[in-house]
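1. Requesting a structural model of the entry that follows:
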Amino acid sequence: SPGRIAPGGPRSSASHPKRIAQSIPARPAAPAETSERTTAREASGIRSTQGGASMHPVKGHPVKNWKDITHFAGFDWARDHHSVVIVDLQGRIVADFEFKHSHEGWKGFSDKTAPFQPLAVAVETNQGPAVDQLLQLGLAVYPVNPAASASYRQRKMPSGSKTDHFDGWGLADALRLDGHGWKELMPMDPLTLQLRLLCRDEVALIQQRTLLVNQLQQALLEYYPASLEAFDDWTCPSAWEFVIQFPDPATLAGAGKRRWEKFLHSRKLWRPETAEKRLEIFARADRFKSSEPVIKAKSRLAVSLCMLLRALDAQLDLYREQIEALFKNHPDHDIFGSLPGAKKVLAPRLLSAIGGDPARYGSHQVLQSFAGTAPVSYQSGQINRTTVRRACDKFMRHTVHLWADCFRKASAWGRAYYEKKRAGGMSHACALRCLGQRLLKILFKMISERKPYDAERHALNQQKHGSWVLSLIVKTTQPKTGEQPA
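-> A predicted model of the protein is given here:
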């Protein structure tokens, strides 16, 4: 009757009315054992894309012809086990099983999927141990954005039901119907992959250093404010060595002026404009201090944090040496090494984040979308607005943001472009995003033509196309009234 509430309870595969019997596929007669499901690490969204730097496809792994694929798998991954649903060309489920993330589990996966070759696999990520195993097995892997995956599942289950089986089924059928327009994930060559992982891990260690520095400053604020007054940059190893040698105000005061001067000279911190001020701060360090229990406890914490920072900084130096060595031997070193503002740090990161294969993106607009510089447009009726693109490669976006900031300081037209955007009311971040948008278009042209950056050629192109940026450069270089040109 109208208004009747549907009975509660989960849906099962038994005794469905005929009118909905086809909406839920039947499971195999002998389903695999199930276990407690762990939350997917990237369920909330893909924050970084490993495929973004897919520079050169690995030999022996050719892109499979879509017309040759006869079966399609939805791969719902987790930390310790994975769920797989395989459908044929007509959409019938031919396999449905789970397996553990172990040597035996992956061997069983290979045996169970052998009858369904050639097989394409849709998975809700494009990196991690599960994707690495799939690529090693020579399967055609198609990454799917988690937001799109949720829509595919809802297409199958409008009621909102969610299980590992429905997730895999939705991915498999979406790959069967729409996969012809998707791009297959290609494994990266070993040199680029190693460089990419090293750059990402280096950034993670730098973030860890920032966390430790913040903890150190908070500890010093509680018992040793004189040290914070004497040093501004706490990412500098000299500041850590100061805390290790003089862990509390009493130790600093008792050391005397001779030891203070010796420390400043040995650490190359002696400056005529700052030395006297620092010595004066050291002399009154014990006048304002915390209680004895606080000093003993927090000084132990501060020294421990400084020791950790010292060890972490040594590891970062080793990372930098290895990254520079790999970048020097990389075939695209000359292209990315020629970028103004990139220098030693950002050039390897740009190469690892973007890669040197333009076929990965197809056009500069796609590259800009990957990097998050292209805005998201929303148009409906009389509503027409744009917003910042959030769904992008976060590592690439961060690297391009840093590059744009360095580029505006190293390039006349970059500085003029940035200042024009700022004068128009844009924020610092928005102006850098706009500059990054233009830089990515230039970089895409460079990797397409396999040519390094040529400032003269770019200036000629600006002049040829009548760029408004060029007119700004001319204005800023013209002498003011009453001045003589240099």
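
2. Can you tell me what sits against stretch 168-176?
-> Here stretch 168-176 makes contact (C-beta atoms under 8 Å, 6 or more residues apart in numbering) with 25, 72-76, 83-87, 89, 91, 93, 96, 120-124, 142, 144, 148-149, 152-157, 182. The C-beta positions use only the backbone N, C-alpha and C, and glycine is treated the same way.

3. ok, which stretches of the stretch 351-486 of the chain are helices?
-> With helices called from DSSP state H, counting those that start in this stretch, the stretch 351-486 of the chain shows them at 364-371, 394-410, 412-423, 428-449, 455-464, 468-477.

4. what inclination does the shortest one have with respect to helix 428-449?
-> Taking axes from the mean of the first three to the mean of the last three C-alpha atoms, to 10 degrees, one finds that helix 364-371 is oriented at 130 degrees with respect to helix 428-449.

5. Please render the helices of the stretch 351-486 of the chain as TSV that adds mean neighbour count to the earlier fields.
-> Shown next, in TSV, are those (neighbours: other C-beta atoms under 10 Å):
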stretch	mean neighbour count
helix 364-371	21
helix 394-410	21
helix 412-423	18
helix 428-449	19
helix 455-464	12
helix 468-477	13
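
6. Let me have these in TSV, adding mean pLDDT and distance to Gly355 as columns.
-> Shown next, in TSV, are the helices of the stretch 351-486 of the chain (pLDDT from 0 to 100; distance: least, C-beta to C-beta, whole Å):
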stretch	mean pLDDT	distance to Gly355
helix 364-371	92	10
helix 394-410	95	10
helix 412-423	91	23
helix 428-449	95	8
helix 455-464	78	22
helix 468-477	63	28
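
7. Out of these, flag the one nearest Val294.
-> helix 394-410 (37.9 Å; C-beta to C-beta).

8. Beyond the helix or strand encompassing Arg259, next helix or strand please.
-> According to DSSP states H and E, Arg259 maps onto helix 257-266. Following helix 257-266 in sequence order, the next helix or strand is helix 275-283 (DSSP H and E).

9. helices and strands around the helix or strand that comes right after that following helix, which ones?
-> Scanning forward in sequence from helix 275-283 by DSSP H and E, the next helix or strand is helix 292-328. Identification of packing neighbours for helix 292-328 by 3 or more C-beta pairs under 8 Å, 6 or more residues apart in numbering; DSSP states H and E yields helix 190-223, helix 237-245, helix 333-337, helix 343-354.

10. 6 Å instead?
-> Judged by 3 or more C-beta pairs under 6 Å, 6 or more residues apart in numbering; DSSP states H and E, helix 292-328 is in contact with helix 190-223, helix 237-245.

11. Which of those sits closest to Leu350?
-> Of all those, it is helix 190-223 that lies closest to Leu350, at 9.3 Å by C-beta to C-beta.

12. Next, count neighbours for Ala239.
-> Ala239: 24 surrounding residues under other C-beta atoms under 10 Å.

13. That one reaches Ala230, doesn't it?
-> No. In this structure, Ala239 is not within contact of Ala230 by C-beta atoms under 6 Å, at 8.5 Å.

14. Could you tell me the backbone phi and psi angles at Asp88?
-> Note on Asp88: backbone dihedrals following degrees, to the nearest 10 are phi -100, psi -170.

15. quick one: it from Phe72, how far?
-> Going from Asp88 to Phe72 by C-beta to C-beta, to the nearest Å gives 8 Å.

16. the more surrounded of the two?
-> Phe72 (27 against 15).

17. all helices for the stretch 1-150 of the chain, in order.
-> Using DSSP H, counting those that start in this stretch, the helices of the stretch 1-150 of the chain run over 103-113, 129-136, 146-156.

18. Could you dump those into JSON lines with mean neighbour count added?
-> Shown next, in JSON lines, are the helices of the stretch 1-150 of the chain (neighbours: other C-beta under 10 Å):
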{"stretch": "helix 103-113", "mean neighbour count": "14"}
{"stretch": "helix 129-136", "mean neighbour count": "17"}
{"stretch": "helix 146-156", "mean neighbour count": "17"}
